[in-house]
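In: heads up, no residue letters with this:
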């Protein structure tokens, strides 16, 4: 899961203004997940807030809003929506930077809604290329698997200077107990073992089954914890790759015409002209045991769990995304066997 080729950069350098010119370490706080970061921030700014969130997003965002004792306001938005037509009674807006491509509408949103608190969901963003918008209030990153920094645990939140008192609340948080740490480390090791072809093929039916039945997921309790010293040590010393090898970069150009800004190092989106064509290729990839999936395929089912009154079938923008998009993990681009099989299926 962690690339081992190309340029090396340590996490503490990434979160240093000197190295990345993006994020200062002064107002960055590390918790056990991005979800915990969102709960932590929302609880700090208030309760019973109306939080606007795109329907097409990870269900853990919905979960976090409810856990923070706030109300979800679902927004039917497209991938490149400028967010300018959102309800005026929102207290907080979650702006999702889909697949690492940064949405540049934040300053315009703040101009139209000056009292709106804006939280950037940067879970797919490569922090090396991230430039914080001064109009946003908080930016949340994930260090889970299939993320730019794929440690398997942890999340980071960068807050505006007006929220510097968040540090007082952060210090009061507990860390995981030893039993939870053992479970977490075991899970991380298992996920790393799935990198190996034989092990992955063995467990592939289970992975596929869980994805197909993901709509049955219900509310999970989220308790914010500080990331303990062991994981902070790993984060501070982990050698992280931010450049694909030349072979992989050329293969990305097969789709993106050498536009490096679109390389997200996590989920790679492919857009199809029709749902029929997407479904045919999707089925062929699965039959050939090539990992492919529709990210957040069950977002509407998850959303219905939290709001029984919203008519999700009329969500035109969300439906369009779900009917025309497909994802593959970037690791496929560095594997000769799977890439050539993938290329053949797509070209046919």
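Out: Sure, I can see it. This is a predicted model, so every value here is computed, not measured.

In: Run a quick neighbour tally on residue 69.
Out: Applying other C-beta atoms under 10 Å, we find 13 residues neighbouring residue 69. All C-beta atoms are positioned from the backbone trio N, CA, C, and that covers glycine.

In: what's the spacing between it and residue 76?
Out: 25 Å (C-beta to C-beta, to the nearest Å).

In: ok, now residue 123?
Out: Counting by C-beta to C-beta - residue 123 and residue 76 are separated by 21 Å.

In: next one: residue 229
Out: Relative to residue 76, and taking C-beta to C-beta, residue 229 is found at 43 Å.

In: Can you pick out the residue with more neighbours from these two?
Out: Taking neighbours as other C-beta under 10 Å, residue 229 and residue 76 compare with residue 76 leading, 17 against 10.

In: Name the nearest residue to the more buried one, ignoring sequence neighbours.
Out: Excluding the flanking residues, the one nearest residue 76 by C-beta to C-beta, 6 or more residues apart in numbering is residue 315, at 4.2 Å.

In: Tell me how many other residues crowd the one you found.
Out: There are 22 residues near residue 315, going by other C-beta under 10 Å.

In: Same check on residue 227?
Out: 24.

In: Just give the nearest non-adjacent residue to it, would you?
Out: Residue 227 sits nearest to residue 30 (C-beta to C-beta, 6+ apart), 4.2 Å away.

In: Repeat that for residue 97.
Out: Closest to residue 97 by C-beta to C-beta, 6+ apart is residue 125, at 5.1 Å.

In: what's near enough to touch the one you found?
Out: 97, 100, 102, 141, 148, 264 (C-beta atoms under 8 Å, 6 or more residues apart in numbering).

In: ok, 7 Å please
Out: Contact analysis of residue 125 by C-beta atoms under 7 Å, 6 or more residues apart in numbering lists 97, 100, 102, 141.

In: These into JSON lines, with extra columns for secondary structure?
Out: Listed next are the contacts of residue 125 as JSON lines, based on DSSP: H, G, I helix; E, B strand; the rest coil:
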{"residue": "97", "secondary structure": "coil"}
{"residue": "100", "secondary structure": "helix"}
{"residue": "102", "secondary structure": "coil"}
{"residue": "141", "secondary structure": "strand"}
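
In: so which pair among those residues is furthest apart in space?
Out: Taking C-beta to C-beta, the two most distant members of those are 102 and 141; they sit 12.9 Å apart.

In: Looking at those two, which has the bigger crowd around it?
Out: More neighbours surround residue 141 than the other of residue 102 and residue 141, with 27 against 19 (other C-beta under 10 Å).

In: okay, and for the stretch 1-150 of the chain, where does confidence drop off?
Out: For the stretch 1-150 of the chain, applying pLDDT under 70 flags the ranges 1-26, 126-129, 150.

In: Mind jotting down where the strands sit in it?
Out: 8-10, 28-31, 50-54, 71-75, 92-96, 117-121, 138-142 (DSSP state E, counting those that start in this stretch).

In: okay, the ones you listed in CSV with distance to residue 323 next?
Out: Formatted as CSV, the strands of the stretch 1-150 of the chain follow (distance: least, C-beta to C-beta, whole Å):
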stretch, distance to residue 323
strand 8-10, 38
strand 28-31, 35
strand 50-54, 16
strand 71-75, 18
strand 92-96, 19
strand 117-121, 23
strand 138-142, 26
